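Undergrad: Structure of the sequence below:
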Amino acid sequence: DTLTALRALAAAPRLRIVTHLAAQSRTTQELASLLGLSPSVTSRHLHQLTQAGLTTAQREGYYVLYSLAPARLDEIATALITLAPRPED
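TA: Have a look, this model is predicted:
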């Protein structure tokens, strides 16, 4: 499960999406414009992030608004911290 999330974050466009979503929720079209990508490519990246549980999608009329899933990001951070060696006391 953690590996799926890390793989989802392993692409520069997806990391940039996470950075933009950290500031505020956005639509596919907004993110595509910010990233300089087509909406279809941006949508594929968002799909991977959503499948990994890193983002959530909420329909608002015609648009889908994407947000980060902070609890999932906390889980990944905790998993990574447990991998780090602890200094000897």
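Undergrad: Dihedrals phi and psi, the residue nearest to Tyr66 when sequence neighbours are not counted?
TA: Leaving aside its chain neighbours, Tyr66 sits nearest to Thr55 (5.1 Å; criterion: C-beta to C-beta, 6 or more residues apart in numbering). Every C-beta, even on glycine, is put in place using the N, C-alpha and C of the backbone. Note on Thr55: backbone dihedrals following degrees, to the nearest 10 are phi -130, psi 160.
Undergrad: Next, count neighbours for Thr55.
TA: 24 (other C-beta atoms under 10 Å).
Undergrad: does it really touch Leu65, like I thought?
TA: No. In this structure Thr55 lies outside contact range of Leu65 using C-beta atoms under 8 Å: 10.3 Å.
Undergrad: what is in contact with the two at once?
TA: With C-beta atoms under 8 Å, 6 or more residues apart in numbering applied, the contact sets of Thr55 and Leu65 do not overlap.
Undergrad: burial count for Ala77?
TA: Look at Ala77: counted by other C-beta under 10 Å, it has 10 neighbours.
Undergrad: check contacts around the nearest residue to Leu68 once chain neighbours are set aside.
TA: Among residues not flanking Leu68 along the chain, Leu21 sits closest, at 4.8 Å (C-beta to C-beta, 6+ apart). By C-beta under 8 Å, 6+ apart, the residues touching Leu21 are 31, 55, 66-68.
Undergrad: which ones are touching Thr2?
TA: Applying C-beta under 8 Å, 6+ apart, the residues contacting Thr2 are 75-76, 79.
Undergrad: For the protein, give me the ranges with low pLDDT.
TA: Within the chain, the stretches with pLDDT under 70 are 89.
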